[in-house]
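> prediction below, plus the sequence it came from.
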Amino acid sequence: MPFCSSCGNEVNQADQFCAKCGAGQPGAPRPPVDPLAGITPRTASILCYIPGIGWIASVIVLAADKFRTNRTVRFHAFQGLYLFVAWLIVEWVLSPIFREMHSPMLRVDKILQALILFVWVFMIIKTSHEEVYSLPIIGELAEKSAAEH
């Protein structure tokens with residue numbers, strides 16, 4: 001076991017600083033660990049369509065250096081993000097309006113929520129087969145956003 005080069009205290013080989021005096025320990029600098037190292041582009045694309053929480057994966061993918069040049073993954077990240085925004089619009093704007101209407105008519109907001117859930121599942125299946133499917137309107141926005149890099 002090595003000793004501190006400053007005070008002689010016993011330190012581990014993995015320690016960068018001495019626990020007693022705080023002096024830096026000599027040794028080769030460690031390369032930073034990439035938390036996305038084990039994630040393939042296919043997996044990253046699929047994660048962007050997880051209902052409700054896919055927006056988190058989309059933001060991480062868009063911010064990651066690993067996928068910065070991969071246009072397909074960026075397309076899926078933007079499309080998943082825009083699909084989540086569509087769900088938010090239905091949930092926060094349309095649902096309160098239809099809740100206030102006390103009529104037995106068909107609730108359009110519930111149909112739209114079911115449709116968006118179906119699209120999320122559809123896109124997970126398409127992406128797992130490594131197919132790029134552009135949704136109407138949302139897909140066009142995603143293509144433009146992915147191309148702006």
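Everything's here; your move.
> domain parsing for the chain?
Domain segmentation of the chain under automatic domain parsing yields 1-30, 41-147.
> tell me the most buried of those domains?
Greatest average neighbour count among the domains of the chain goes to domain 41-147 (a mean of 16), per mean count of other C-beta atoms under 10 Å. (Glycine included, C-beta is placed from N, CA and C.)
> just checking, what packs against the lowest-mean-pLDDT helix or strand in the chain?
When each helix and strand of the chain is scored by mean pLDDT, DSSP states H and E, helix 95-100 comes last, with a mean of 87. Secondary-structure packing of helix 95-100 (3 or more C-beta pairs under 8 Å, 6 or more residues apart in numbering; DSSP states H and E): helix 108-128.
> continuing past the helix it packs on, what's the next helix or strand?
Downstream of helix 108-128, the next assigned helix or strand under DSSP states H and E is helix 138-147.
> pLDDT of that following helix, averaged?
Taken as a whole, helix 138-147 has a mean pLDDT of 95.
> ok, residues contacting that helix?
Helix 138-147 has contacts (C-beta atoms under 8 Å, 6 or more residues apart in numbering) with 71, 74-79, 82-83, 86, 133-135.
> mind doing that once more with 7 Å?
Contact with helix 138-147 is made by 71, 74, 75, 78, 79, 82, 83, 86, 134, as judged by C-beta atoms under 7 Å, 6 or more residues apart in numbering.
> which pair in these spans the largest distance?
71 and 86 (22.2 Å; C-beta to C-beta).
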